[in-house]
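**Q** Just a sequence and a predicted model for now, questions to come.
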Amino acid sequence: MNSKIRSVLFACLGLLFGMAVMWVFNSFYPKKNEDSKNKTEKNHTIDKKPTQSANDIFILTNDKTVVAYVKKNHTLPDYYITKNEAKKLGWKPESGNLCEVLPKKAIGGDHFGDREKRLPENSNYYEADVNYNCGTRGTDRIIFSTDGTVYLTKDHYKTFQKQ
């Protein structure tokens, strides 16, 4: 077999092998976009009124309601989900799609570091969104500890009011 034919044959075999690998990969591993699209579609079948969901989450995350719950129970209500958990389920913070992907859920429960040292020293502060009305997250948050201490900020951590 001459060298030109051998080179063409190996090139064809390489292309064929590459196409086979791509076919296997595309057939057995679902695309990420399809996964989040399917989850979104499932959630919309559960809650067919997105405006109702937005209204519900605004009521559920009312600052007075959440503060009272945290003071009594020293933890967040079950409808709060951490940022990492929400991202794993398809939430994209930059697009503000939490209500579409996870209706009746709000972001909360992540550790709050207090880098600016504006709160009394406590190594176990947590944060949660309050007064959330779907779309991108607002500036209203509570900062709380497991002993029931709660602070409210309505200007994204610039000032705090003890509750």
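**A** That came through, no problem.
**Q** Quick check: phi and psi at Leu89.
**A** Leu89 adopts backbone torsions of phi -100, psi 10, taken as degrees, to the nearest 10.
**Q** For the lengthiest strand in the chain, list every residue counted as buried.
**A** The single longest strand within the chain, with elements called by DSSP state E, is strand 106-112. Within strand 106-112, the residues that count as buried by 16 or more other C-beta atoms under 10 Å are Ala106, Ile107, Gly108, Gly109, Phe112. Any C-beta I mention is one placed from the backbone N, CA and C, and that applies to glycine too.
**Q** Packing partners of it?
**A** Here strand 106-112 touches strand 80-81, helix 83-88, strand 125-129, going by 3 or more C-beta pairs under 8 Å, 6 or more residues apart in numbering; DSSP states H and E.
**Q** close enough to count as contact, Pro93 and Asp129?
**A** No - proximity of Pro93 to Asp129 does not meet the contact threshold set by C-beta atoms under 8 Å, at 11.4 Å.
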